[in-house]
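Engineer: predicted model and sequence below, questions to follow.
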Amino acid sequence: MREDDLDAVMAVERRAYPFPWTPGIFRDCIRAGYPAWLLYEGAEVIGYAVLSIAADEAHLLNLCVDPAAQGRGHGRRLLKTVLRLAQGHGAQRVFLEVRPSNPVAVALYHDHGFNEIGRRPRYYPSADGREDAIVMAMELLADE
């Protein structure tokens, strides 16, 4: 992902989330050098992932597939790619936060070996004020 991609990324982000990241958040991630990847279908951006890696830990900051393209395995493919890339950058464990109100994402992460390790109270904005985040983590094994 580059700053030139932000219009396409923001179009997906706004379709996917009632409280989307801002262009400035994506721009800050890119400028900080966080690994960020796009998923294409033909010439169209249909998903993306942003990862922070420090020492031997990675934090999946954002993984999104356009709602129109969901249910076809794109999220699984993108997550597998991100996990391989995190491992390739020396990460031994990966953390993420996910909304409890997103059971499809929670199931995806569980299916790939993530476990709930805690909660962050009132982490996400929501229609009712704030929503907790489920904090999840997984260990990346040497032979994955």
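Structural biologist: Ah, there it is. Numbers count the residues shown, from 1 in each chain.
Engineer: okay, buried residues for the top helix by length along the chain please.
Structural biologist: Secondary structure of the chain per DSSP state H: the longest helix is helix 74-88. Within helix 74-88, the residues scored as buried using 16 or more other CB atoms under 10 Å are 74-75, 78-79, 82-83, 85-87. Just so you know, the C-beta spots here come from the backbone N, C-alpha and C atoms, and that holds for glycine as well.
Engineer: average pLDDT for that helix, rounded please.
Structural biologist: The predicted model gives helix 74-88 an average pLDDT of 95.
Engineer: ok, and what's touching that helix?
Structural biologist: 35, 37, 39, 41, 46-49, 51, 53, 58, 60, 63, 65, 94, 105, 108-109, 111-112, 138, 140, 144 (CB atoms under 8 Å, 6 or more residues apart in numbering).
Engineer: got a PyMOL select line for the buried ones in those residues?
Structural biologist: The PyMOL selection below is limited to those of those classed as buried (16+ other CB under 10 Å):
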select buried, resi 35+39+46+47+48+49+51+53+58+60+63+65+94+105+108+109+138+140
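Engineer: so which of the contacts of helix 74-88 belong to strands?
Structural biologist: 37, 39, 41, 46-49, 51, 53, 58, 60, 63, 65, 94, 138 (DSSP state E).
Engineer: from those residues, which is closest to Arg14?
Structural biologist: Distance to Arg14 across the ones in strands among the contacts of helix 74-88 (CB to CB) is lowest for Tyr48, with 12.9 Å.
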